[in-house]
Structure formats: C-alpha cells, structure tokens
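**Student:** sequence below, structure please.
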Amino acid sequence: MGFETQDVERKVISILRILSGSEEPLGARIIANRLKDYGIDLGERAVRYHLKLTDERGLTSLVGRDGRVLTKQGEEELSAALVKDKVGLAISKIELLAFRTNFDAGKRSGPVPVNISFFPEKKFGKALAAMKPIFDAGLCVSKLVIVARGGEKIGEFTVPKGRIGFATVCSIMINGAMLKAGIPMDSRFGGILQVRDRKPVRFIELVHYAGSSLDPSEVFIRAKMTSVRSIIKTGNGKILANFREIPAMCKETVESVVSGLKEAGLGGLLVMGNISEPVCEVPVELNRIGMILIGGMNPVAAAEESGIEADNRAMSTVVDYQRLIKIQDV
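**Tutor:** Purely as a prediction, here's the structure:
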C-alpha cells in the first residue's frame, strides 16, 4: 500500500474493515469507538488523519459532512489484507475473536463469532439437504445461521457473485462468553474426534493452535478426514471438535454461563470432564478441567462429504445475534 510503517497499515486496514461492515457512512467518532474492538486506541483527530490517507489513495470516499464509505478499490485492498491475516497463528485469531464476542445472553443481543462458507449458488440446495440432518442431530454449535447472496455482506466479508454465503456459529462463542465472565480458558487444539455408538471416544488427529497459522477445521475438511454423515446413519464416525481447559474452581460458573448460552440457542459444549482427569484420552493438568467443544463447521464438512466443495473461512468474523435465523427457516 506504500504507507510509511506497518503500524499505519494495520490501523488503515482496521478502519477499512469497520467501514466494510457498515451499511451506512461512518464518521471519525464512531470509527474511533469501534477501533477499540481491534485493540486500537485512536482519537477522532488521528482517525481523520488516517481517513485522509485512505481518501487520497481512493480506498474511501467522503459522503456528506464527515461520513465515509468504502470504495471498490478499498474492498479489493481489504480482500488482499484478509489473505495476509492467515500468516498469524490460530491462537491469536481465537483470542481476538473471543475479545470481539460481546453477547448478552439475558438480552439476546450482541456480536457472536461465526465461520463463513461460500457455496456455488446452483449447488446450495443440495448442500443444504446434506447439512440439515447434521443440525437436527445437534452436531453443531447452534442451529442458528446466516444465509446471504452475492453482493451481500456477512461481517467484513462480501459474498462473491454466483455464490451463497453460509455462516455457522463458531465454538469460540464459549471462549468469548468465558472471557466476559472473567474465566481464563486455555485453547489447546482442534482435532478429529472419533464417535462410537453416538458417544465421543478419543481424538485421532489434532493440530495445536499455537503452532498453526490455519484453523484446524479448514485443514481437516480440505483433507476429507471427517465422516460426519456416517454418525447419522450408523452412530459411528469422525467429527470436528476442539479441546479447552479451565481452572477447576471455575466449574460452577462455567456451567452457569453455558446454561445461559444454551437457552439462547448457542451451545457447543460436548463434554466437560472431572478435575485433573483425562477427557477422551487427553491428559489434563493438575487442578484443571478438560472440555471438548463441538466444531461449528461439522454441517459444512457433511456437505463436503457429499461432494459439494465450499470456500471456507473458519473463525472469520462476528455478526449481531439478531441477524441469525433458524436453519429450519432457510
């Protein structure tokens, strides 16, 4: 982009993301407030300086007295920047997305984290037929989804023409809820969980978040290592799942938070172990409790198993809870 420092570029890209996620022009004051969600503290004056830079480079356009909108060139720049984000470690993405998750279970409002998949428009009906039984069986974080057509937005992402955007709630929903409740949660790895007689048995493959730049779910789906549909038919198969740990003293609070999420149609907790005891053959540290969270992209994995490939963006963004709809209504 030709900016003087990487720090300036990071701030500019964050501003472009905020504008991309808005359906109306935004002023410097609103942008400054929303930048705090990205860990960036800029005053109005500093934001106006950066907006001047983006105007000069044709990335944004002034509308009215102070409002800015993203230009087509700005959208292209943002898309390129989102590709660069994959260089970061998965654990960093989890922490950022958990921070941006600010859902209020009591009020049923606030942002929730989602995965996004882009399906070919002509094949979406078939994909939906493959996914709905997985939702019905509860092999998902939530039965609430978002469906968007070409040109529409899901968070910071614009659905490409000829594609259908399909967003599923991400298991980081629980990370975000725990963070807001003051509960430290250690995200250890994502993996393939073997299921026998409809009960979780053990992890047969895993990828540690701290050592990977890709979300494990994307890797496993692309490698065709799941057999989610088989569980519906036989009770046996392999699903996407994630392993977390929490301090033992937090168990009651965790159970309360999970219960509140469940009432709002947001789940994800598959197994919670006992203090210092292994969970599905995974050892747990002293005075800690292991938790297995079901992968939010299991329905998408089922679609891939049926021969319908999608362009997946796991752990991608947050959307307002009010925008989610029941899968039965799709």
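**Student:** now for this protein, the helix or strand with the poorest mean pLDDT.
**Tutor:** Every helix and strand of the chain was ranked by mean pLDDT, DSSP states H and E. The lowest is helix 72-84, at a mean of 76.
**Student:** which element follows that helix toward the C-terminus?
**Tutor:** helix 90-100 (DSSP states H and E).
**Student:** which residues sit against that following helix?
**Tutor:** Helix 90-100 is contacted by residues 37-39, 85, 111, 113, 170, 172, 175-176, 178-179, 187, 190, 209-210, 212-216, 315, 317-318 when judged by C-beta atoms under 8 Å, 6 or more residues apart in numbering. The C-beta positions use only the backbone N, C-alpha and C, and glycine is treated the same way.
**Student:** next secondary structure after the lengthiest helix in the chain?
**Tutor:** The helix spanning the most residues in the chain, taking DSSP state H as the definition, is helix 6-20. The helix or strand immediately downstream of helix 6-20 is helix 28-35, counting by DSSP H and E.
**Student:** tell me what that next one is packed against?
**Tutor:** helix 6-20, helix 44-56 (3 or more C-beta pairs under 8 Å, 6 or more residues apart in numbering; DSSP states H and E).
**Student:** centre of the chain to it, how far?
**Tutor:** Offset of helix 28-35 from its chain centre (C-alpha atoms, centre = their mean, to the nearest Å): 23 Å.
**Student:** now the angle from that helix to helix 44-56?
**Tutor:** Here helix 28-35 runs at an angle of 100 degrees relative to helix 44-56 (axes from the mean of the first three to the mean of the last three C-alpha atoms, to 10 degrees).
**Student:** may I see the buried residues of helix 28-35?
**Tutor:** Using 16 or more other C-beta atoms under 10 Å as the test for burial, helix 28-35 gives Ala28, Ile30, Ile31, Ala32, Arg34, Leu35.
**Student:** show me where pLDDT drops low in the stretch 101-250 of the chain?
**Tutor:** Scanning the stretch 101-250 of the chain for pLDDT under 70 picks out nothing.
**Student:** can you give me the helices for it?
**Tutor:** Here the stretch 101-250 of the chain has its helices, by DSSP state H, counting those that start in this stretch, at 124-136, 172-180, 216-222, 228-234.
**Student:** tell me which of those sits most buried.
**Tutor:** Of the helices of the stretch 101-250 of the chain, the one with the most neighbours on average (mean count of other C-beta atoms under 10 Å) is helix 172-180, at a mean of 24.
**Student:** I'd like to know which elements that one is packed against.
**Tutor:** Counting contacts by 3+ C-beta pairs under 8 Å, 6+ apart, helix 172-180 is packed against helix 90-100, strand 111-120, strand 237-247, helix 251-263.
**Student:** try 10 Å this time
**Tutor:** Using 3 or more C-beta pairs under 10 Å, 6 or more residues apart in numbering; DSSP states H and E, the elements in contact with helix 172-180 are helix 90-100, strand 111-120, strand 186-196, strand 237-247, helix 251-263, strand 288-294, strand 311-320.
**Student:** next, the residue of the chain most remote from its centre: phi, psi?
**Tutor:** Using C-alpha atoms, centre = their mean, the residue of the chain lying farthest from its centre is Arg65. It sits 34.9 Å away. Dihedral angles of Arg65 (phi, psi; degrees, to the nearest 10) stand at phi -70, psi -40.
**Student:** contacting residues for it?
**Tutor:** Pro25, Gly27 (C-beta atoms under 10 Å, 6 or more residues apart in numbering).
**Student:** distance of it from Pro25?
**Tutor:** Applying C-beta to C-beta, to the nearest Å, the value for Arg65 to Pro25 is 10 Å.
**Student:** which stretch in the helices and strands packed on helix 28-35 has the least confidence?
**Tutor:** Averaging pLDDT over each of those singles out helix 6-20 as the lowest, with a mean of 83.
**Student:** and that one, which residues are buried?
**Tutor:** By neighbour count with 16+ other C-beta under 10 Å, helix 6-20 contains the buried residues Lys11, Val12, Ile13, Ser14, Ile15, Leu16, Arg17, Ile18, Leu19, Ser20.
**Student:** what's the answer for stretch 45-60, then?
**Tutor:** Buried-residue list, stretch 45-60, by 16+ other C-beta under 10 Å: Val47, Arg48, His50, Leu51, Leu53, Thr54, Arg57, Leu59, Thr60.
**Student:** just put those in a markdown table and tack on distance to Gly155.
**Tutor:** Shown next, in a markdown table, are the buried residues of stretch 45-60 (distance: C-beta to C-beta, whole Å):
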| residue | distance to Gly155 |
| --- | --- |
| Val47 | 21 |
| Arg48 | 25 |
| His50 | 21 |
| Leu51 | 21 |
| Leu53 | 24 |
| Thr54 | 20 |
| Arg57 | 24 |
| Leu59 | 19 |
| Thr60 | 19 |
